[in-house]
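>>> For reference, the sequence and a predicted model appear below.
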Amino acid sequence: MSNLNPLVTASRLVIVAGKGGVGKTTVTAVLARAAVDSGRRVLVVELDGKPMLADLLADVEVRHIAAAEALDEYLQDHGFRRIARRLAASGVIDVIGTAAPGIDDLVVLGKIKHLERSGEWDLIVVDGPAAGHAITFLTSASGLLDAARGGPVHTQAVEVLEMLRDPARCQVVLVTLPETTPVNELIETSFAIEDRVGVQLGPIVVNQVDAGPALPDPDTIDLADLGAVDDAEHAVEAARFRNARRTIQAAELARLSEAVPLPQIHLPAHPAAALAADEIAALAAAMTDHAAADPPDEPSTPGRDT
């Protein structure tokens, strides 16, 4: 096998989370692709939402878990088959999660726990909820543990917490962009996960990093050397914009490192608006190269300045 990124070897389950629009689903696909290319048996899990990963990972098993279906299965598995059928037929099962906050997230995590326990895969990668919901998703077990003092819900909550809090079984990978708002949200999410869940945080994946060569200072460029005046002016403005963006990205990456002392993996910016399987494979190779060139330290828990 080739050098493996610790993201795909440190635990059997990786839950990918991040603010909407940062490329969370892309990172899920890239992690799965890197693991498969390294000889790992991989399962990808999509939660509620539009299924799309199967098109990017044609040779990888992808399963979709919907909360209502997981709840129906949970009821049937615990002796409520007739009730589950009636609830499903009437549509009431869709609102049970509202009546019992956290139960829908718990049964989804319970389904993931069942898959993780099966031993059929070396790695399960979950395209998790957006950052805001990720906290409630991951804290559902602890919340219901207090609410249900006994019975199957209590047992499920205990077993899910055992999985989440075991670094050999589970880690959460947070995704961000090198921009102010996504970095702020990741910092808040990492602290919330530390305080309220106790799950292991893996390396942070920073998507869309401008990793190309630095451009010369536009103010030192002689326009006459660039050909036609219009083209020259456009080139200078483009260089000025890109250099400013690189400066902002560098500042945000430094701020993130200071606030959350976890290893970072940078994925290069890609011009395509919607990535296809070939681009996912290229990003997976870049991620593997990054790990081989600069292997991350052991994952640690983020700390705060006091």
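That came through fine. Treat the numbers as computed from the prediction; the structure is a model and nothing was measured. Numbering: from 1, shown residues only.
>>> quick one: secondary structure of the nearest residue to Gly18 once chain neighbours are set aside?
Closest residue in space to Gly18, ignoring its immediate chain neighbours: Val175 at 3.4 Å, by CB to CB, 6 or more residues apart in numbering. No exception for glycine: its C-beta is placed from N, CA and C like everyone else's. The three-state label given to Val175 by DSSP: H, G, I helix; E, B strand; the rest coil is strand.
>>> So Val175 sits against Gly20, correct?
No - applying CB atoms under 8 Å as the test, Val175 and Gly20 come out as separate, 10.6 Å apart.
>>> more crowded one of the two?
Taking neighbours as other CB atoms under 10 Å, Val175 and Gly20 compare with Val175 leading, 25 against 12.
>>> need the strands for the stretch 201-306 of the chain, in chain order.
Secondary structure of the stretch 201-306 of the chain (DSSP state E, counting those that start in this stretch): strands located at 204-209, 264-268.
>>> which of these is buried the deepest?
For those, the largest average neighbour count (mean count of other CB atoms under 10 Å) is found in strand 204-209, namely a mean of 23.
>>> how close does the nearest residue to Asp37 once chain neighbours are set aside sit to Leu275?
Leaving aside its chain neighbours, Asp37 sits nearest to Ala284 (6.2 Å; criterion: CB to CB, 6+ apart). Remark: distance between Ala284 and Leu275 (CB to CB, to the nearest Å) = 11 Å.
>>> Which one of those two is surrounded by more residues?
Of the pair Ala284 and Leu275, Ala284 is the one with more neighbours under other CB under 10 Å, namely 23 against 18.
>>> Contacts only, for the more buried one.
The contact partners of Ala284, taken as CB atoms under 8 Å, 6 or more residues apart in numbering, are 30-31, 33-34, 37.
>>> Give me the pLDDT value at the residue nearest to Gly18.
Looking at Val175, its pLDDT is 96.
>>> Check the gap between it and Leu267 for me.
Using CB to CB, one obtains 9 Å as the distance from Val175 to Leu267.
>>> can you check Gly102 too?
Distance of Gly102 to Leu267, given as CB to CB: 33 Å.
>>> Then Glu252?
Going from Glu252 to Leu267 by CB to CB gives 15 Å.
>>> try Ser118
Counting by CB to CB, the gap from Ser118 to Leu267 is 30 Å.
>>> residues of stretch 245-253 that come out buried?
For stretch 245-253, a neighbour-count test (16 or more other CB atoms under 10 Å) marks 246, 249, 252-253 as buried.
>>> Need the residues that contact that stretch.
With contact meaning CB under 8 Å, 6+ apart, stretch 245-253 is reached by 178-180, 183, 206, 209-210, 214, 264, 266.
>>> Reformat those into a markdown table and put pLDDT next to each item.
Below are these laid out as a markdown table (pLDDT from 0 to 100):
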| residue | pLDDT |
| --- | --- |
| Pro178 | 96 |
| Glu179 | 95 |
| Thr180 | 96 |
| Val183 | 97 |
| Val206 | 95 |
| Val209 | 94 |
| Asp210 | 90 |
| Ala214 | 73 |
| Gln264 | 92 |
| His266 | 92 |
